[in-house]
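Participant: below is the sequence, then the predicted model.
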2 protein chains.
Amino acid sequence: MTQPDPAPAAQLSERAQRLLKVLVERYIEEGQPVGSRTLAKGGIELSPASIRNVMADLEELGFLRAPHTSAGRVPTVRGYRFFVDSLMCVQPLESAAVDRVRRTLDPHASTTDLVQSASTLLSGLSHMAGVVMVPRRDSLTLRQVEFLPLSDRRVLAILVVNEREVQNRIIHVSRDYSRIELLEAANYLNALFAGRDIFQVRSELLAEMRRAQSDVNDLMRRAVEMAEQTFVADGEAADDFVMAGQTNLMGFSELADVARLRQLFEAFTQKRDLLGLFDQCMHAQGVQIFIGDETGYDVLEECSVITAPYEVDGRVLGVLGVVGPTRMAYERMVPLVDVTARLLSAALNSRV
Amino acid sequence: MTQPDPAPAAQLSERAQRLLKVLVERYIEEGQPVGSRTLAKGGIELSPASIRNVMADLEELGFLRAPHTSAGRVPTVRGYRFFVDSLMCVQPLESAAVDRVRRTLDPHASTTDLVQSASTLLSGLSHMAGVVMVPRRDSLTLRQVEFLPLSDRRVLAILVVNEREVQNRIIHVSRDYSRIELLEAANYLNALFAGRDIFQVRSELLAEMRRAQSDVNDLMRRAVEMAEQTFVADGEAADDFVMAGQTNLMGFSELADVARLRQLFEAFTQKRDLLGLFDQCMHAQGVQIFIGDETGYDVLEECSVITAPYEVDGRVLGVLGVVGPTRMAYERMVPLVDVTARLLSAALNSRV
DNA sequence: GGCTGGCACTCTCAGGTCAGGAGTGCCAAA
DNA sequence: TTTGGCACTCCTGACCTGAGAGTGCCAGCC
């Protein structure tokens, strides 16, 4: 996890913990700094003065802070962290919401549509921004390849991988090939390598070529030339995510500053920072929570991010999550993200 | 064009016109309401008092308005419109910028990349938001079609159209076909219809089928079943645009209100309004300017939009443009949009 | 008749003051 | 250890004020 330095719960009396819990819940709900009077009336059975003592302790320990002398207290990042780790009661997601997620993530839809739907769902149900990394496909099983001649020594390669995904790329070759020559090369590759991993095929072909040197025939040379360019990873390019509901973030008063908002949205379009954050979550298990500067990125200082990986056949393919202000309903967001990740995994798994 | 009701230039003395021109230019540059003193010192050879008289006339005619009693004047939509139609001197775009556009719009790139580059160029050079409609391809020439069996009576159809564009769709068929059966159907369609328009092919096949009724063989029936679903327009779905540099709009003080900004960005993600506006420009000639409420959409009230259609073989394929605050440097944006549209057309035309 | 200088007027903006309210910290008493 | 009391701090909004900018209008001038 990501808490900066462990704040031993031992430091906090049972009473202080209860108080912190109520205060954080209250603050998340109302958005106003909460004072001792408010707490005394709602949930804490102590006089305002005693509450003030406890709050002073909590402030000293770094769980709370006062925006100014007479303004009640607000949770710090550390306060939220402790709340999230030890105090929060995660309720299961309402079944209506679960149903909606389940119904929307149709296993028959294409991967792109699934990713799109998932991010729309996340934003719709959280009223914040939803993000879904597009699945990284580290294994690309060749199903079929096809080449079509273009002019200028260029060839259009069409690649069907993993049963239903179609990719196409334009490759540059050493001379113009005829339609027939390309067909032969494709047939050769299909016959020999259908059902195999394309990167393996590529390196195998190259190795074979090098070993055999002189006695390779023209057909094989052709095939290798194509394969070399066709079967390259576009993993780099596919390192991407889909986002929905960014505009929801404009509704939060915490983020109402136009200049900050601009930076935030620029970070969203550049994608780099969020991708960095999401990459960290790829191989962590289950739901992760990053609060404020725990994200490690300045632009996200006022934001929290909740993520969960999704997977197929037990292999993590990507990460999804929500982005919102630090003052968010964590106990609702955690199950939302969790359920969405599970159901997206299920949809991807159960496809045929 | 779009001016609401023609403001006869005759109403305006030569002097008033000159004054309006200087005032609008000044306001666009500085962003502050401009007063009589400022004008007297910069460009207008009259005393402040005389200038005030002229300005009062212009205000009465609806070309200017005063934000408040002692704040100088600001152009109204009508003022901008008259400026744009009759007063503005459009300078040609700096050659450095033209070069950059030309170099960036590489004819060898894919359509998607070209559209993306064009919108990035527009936003980069305008410091506002750039928009490019994706080309509507009303003619889809079949080059090759391929079918691959999936489970559950579904087939993956891969379609190469217009020489280099690859589309794929999943179609539902009446029974599971074998790989061979699908191959036959594809060969049949390719042999007969390669190089033809896919919609024509579709209707022809259906007509033929209906005419021949009983004596069609199984192969043909199969082919028709595929073609029927494969060769459908996705023109609807492709009604789309690519936008870049939205965040630039957050820098303008005119648009600094978070609530309005949110509406604007929501309109951008929903796309409907902008598409409506762009559709109007499809069949107008050359550069179009929409100022403030001339756009016809409330969210764009504070914005101006400048568009130009782009074309291939003399046929308009789409529209591109920029979106910014009404207070923009029209005389620079017009040639920018114009040149980008021309060079995008050129790039699309000269491809091989 | 059109242009100009002068002048009173209006409006915004920034800064300062002030009272009210909210919440705290501390202390002494229960 | 808890609690009530009290002085204190700080924010907030309202109000005022003076400076600055620009106008409208008028009377005089070319």
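Facilitator: Right, received. Where do you want to start? Residues are numbered from 1 along each chain as shown, chains lettered A, B, ... in the order given.
Participant: drop to CA atoms for contacts and neighbour counts, all remaining ones
Facilitator: Fine.
Participant: phi, psi for the residue nearest to A:Cys89 when sequence neighbours are not counted please.
Facilitator: Counting by Cα to Cα, 6 or more residues apart in numbering or on different chains, A:Cys89 lies nearest to A:Glu331, which is 6.4 Å off, once chain neighbours are set aside. Backbone torsions of A:Glu331, given as degrees, to the nearest 10, read phi -70, psi -20.
Participant: relative to chain B, how far out is the spatially closest residue to A:Gly292 that is not a sequence neighbour?
Facilitator: Spatial nearest neighbour of A:Gly292, excluding adjacent residues (Cα to Cα, 6+ apart): A:Glu301 at 4.6 Å. Applying Cα to the nearest Cα, to the nearest Å, the value for A:Glu301 to chain B is 19 Å.
Participant: what sits against A:Glu301?
Facilitator: A:Gly292, A:Asp293, A:Thr295 (Cα atoms under 8 Å, 6 or more residues apart in numbering or on different chains).
Participant: list the buried residues of the one helix or strand A:Gln280 maps to.
Facilitator: Taking DSSP states H and E as the definition, one finds A:Gln280 inside helix A:272-282. Neighbour-count burial for helix A:272-282 flags A:Asp273, A:Leu274, A:Leu275, A:Leu277, A:Phe278, A:Asp279, A:Cys281, A:Met282 (criterion: 16 or more other Cα atoms under 10 Å in any protein chain shown).
Participant: tabulate those (CSV), appending distance to B:Asp239.
Facilitator: Shown next, in CSV, are these (distance: Cα to Cα, whole Å):
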residue, distance to B:Asp239
A:Asp273, 31
A:Leu274, 29
A:Leu275, 29
A:Leu277, 34
A:Phe278, 32
A:Asp279, 34
A:Cys281, 36
A:Met282, 35
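Participant: could you dump the helix holding A:Gln280 to PDB, C-alpha only?
Facilitator: Provided in PDB are the C-alpha atoms of helix A:272-282 (Å, rounded to 0.1, in the frame of the first residue of the first chain):
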ATOM      1  CA  ARG A 272       1.100  10.000 -19.000                       C
ATOM      2  CA  ASP A 273       0.600  10.600 -15.300                       C
ATOM      3  CA  LEU A 274      -2.500   8.600 -15.000                       C
ATOM      4  CA  LEU A 275      -0.900   5.800 -16.900                       C
ATOM      5  CA  GLY A 276       2.000   5.900 -14.600                       C
ATOM      6  CA  LEU A 277      -0.300   5.600 -11.600                       C
ATOM      7  CA  PHE A 278      -2.300   2.800 -13.200                       C
ATOM      8  CA  ASP A 279       0.700   0.900 -14.100                       C
ATOM      9  CA  GLN A 280       1.600   0.600 -10.400                       C
ATOM     10  CA  CYS A 281      -1.700  -1.000  -9.800                       C
ATOM     11  CA  MET A 282      -1.300  -3.700 -12.500                       C
END
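Participant: name the residues that touch that helix?
Facilitator: So helix A:272-282 is contacted by A:133, A:239-241, A:267-268, A:288, A:295, A:297, A:307-309, A:316-320 (Cα under 8 Å, 6+ apart).
Participant: tell me which parts of the stretch 51-200 of chain A are close to chain B?
Facilitator: A:Leu150, A:Ser151, A:Leu156, A:Ile158, A:Glu163, A:Arg164, A:Val166, A:Asn168 (Cα under 8 Å from any Cα of the partner chain).
Participant: now the fifth one: which helix or strand?
Facilitator: Using DSSP H and E, A:Glu163 is not contained in any helix or strand.
Participant: and it, how far from A:Cys281?
Facilitator: 28 Å (Cα to Cα, to the nearest Å).
Participant: what ranges in chain A fall below the confidence cut-off?
Facilitator: A:1-10, A:138, A:213-216, A:233-238, A:352 (pLDDT under 70).
Participant: wait, A:Gly292 touches A:Arg78, no?
Facilitator: No: A:Gly292 is beyond contact range of A:Arg78, at 9.7 Å (criterion: Cα atoms under 8 Å).
Participant: in terms of neighbours, single out the busier of these two.
Facilitator: A:Gly292 (25 against 21; other Cα atoms under 10 Å in any protein chain shown).
Participant: distance between the ends of stretch A:225-242?
Facilitator: 34 Å.
Participant: got it, and stretch A:81-98?
Facilitator: 27 Å.
Participant: who's A:Met243 bridged to?
Facilitator: A:Val131 (DSSP bridges).
Participant: just to check, it is in contact with A:Val131?
Facilitator: Yes: taking Cα under 8 Å as the definition, A:Met243 is a contact partner of A:Val131 at 4.4 Å.
Participant: quick one, helices of the stretch 51-200 of chain A?
Facilitator: Under the criterion DSSP state H, counting those that start in this stretch, the stretch 51-200 of chain A contains helices at A:77-82, A:95-104, A:111-126, A:179-193, A:198-212.
Participant: could you point out which of those helices sits nearest DNA strand D?
Facilitator: helix A:77-82 (20.8 Å; Cα to the nearest atom of the strand).
Participant: quick check: residues of chain A near DNA strand C?
Facilitator: Contact residues, chain A versus DNA strand C (Cα under 7 Å from any atom of the strand): A:33-38, A:48-49, A:52-53, A:55-56, A:69-73.
Participant: with just CA atoms, put the helix or strand where A:Arg262 lies into PDB.
Facilitator: Taking DSSP H and E as the definition, A:Arg262 sits inside helix A:258-270. Taking C-alpha atoms only, helix A:258-270 is exported to PDB below (Å, rounded to 0.1, in the frame of the first residue of the first chain):
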ATOM      1  CA  VAL A 258      -9.900  27.100 -13.400                       C
ATOM      2  CA  ALA A 259      -6.200  27.100 -13.500                       C
ATOM      3  CA  ARG A 260      -5.900  23.900 -11.500                       C
ATOM      4  CA  LEU A 261      -8.700  22.400 -13.500                       C
ATOM      5  CA  ARG A 262      -6.900  23.200 -16.600                       C
ATOM      6  CA  GLN A 263      -3.800  21.400 -15.400                       C
ATOM      7  CA  LEU A 264      -5.900  18.400 -14.400                       C
ATOM      8  CA  PHE A 265      -7.500  18.200 -17.800                       C
ATOM      9  CA  GLU A 266      -4.200  18.600 -19.500                       C
ATOM     10  CA  ALA A 267      -2.900  15.700 -17.500                       C
ATOM     11  CA  PHE A 268      -6.000  13.700 -18.600                       C
ATOM     12  CA  THR A 269      -5.300  14.400 -22.300                       C
ATOM     13  CA  GLN A 270      -1.600  13.700 -22.000                       C
END
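Participant: that helix: which residues count as buried?
Facilitator: A:Val258, A:Arg260, A:Leu261, A:Arg262, A:Gln263, A:Leu264, A:Phe265, A:Glu266, A:Ala267, A:Phe268, A:Thr269.
Participant: which pair of these spans the longest distance?
Facilitator: A:Val258 and A:Thr269 (16.3 Å; Cα to Cα).
Participant: returning to what we had before: buried ones from the contacts of helix A:272-282, can you make that a PyMOL selection?
Facilitator: To isolate the buried ones among these in PyMOL, judged by 16+ other Cα under 10 Å, type:
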select buried, chain A and resi 133+239+240+241+267+268+288+295+307+308+309+316+317+318+319+320
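Participant: from the contacts of helix A:272-282, which ones fall inside strands?
Facilitator: Among the contacts of helix A:272-282, the ones falling in strands (DSSP state E) are A:Met133, A:Phe241, A:Gln288, A:Thr307, A:Ala308, A:Pro309, A:Val316, A:Leu317, A:Gly318, A:Val319, A:Leu320.
Participant: would you convert these into TSV that also reports distance to B:Thr326?
Facilitator: Output for the ones in strands among the contacts of helix A:272-282, formatted as TSV (distance: Cα to Cα, whole Å):
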residue	distance to B:Thr326
A:Met133	37
A:Phe241	33
A:Gln288	44
A:Thr307	41
A:Ala308	44
A:Pro309	45
A:Val316	48
A:Leu317	46
A:Gly318	43
A:Val319	41
A:Leu320	39
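Participant: among the residues you listed, which two are most distant?
Facilitator: Among those, A:Phe241 and A:Gln288 lie farthest apart (Cα to Cα), at 17.5 Å.
Participant: what residues does stretch A:111-123 touch?
Facilitator: So stretch A:111-123 is in contact with A:101, A:104-107, A:128-134, A:242-245, A:320-322, A:336-337, A:340, A:344, A:348, going by Cα under 8 Å, 6+ apart.
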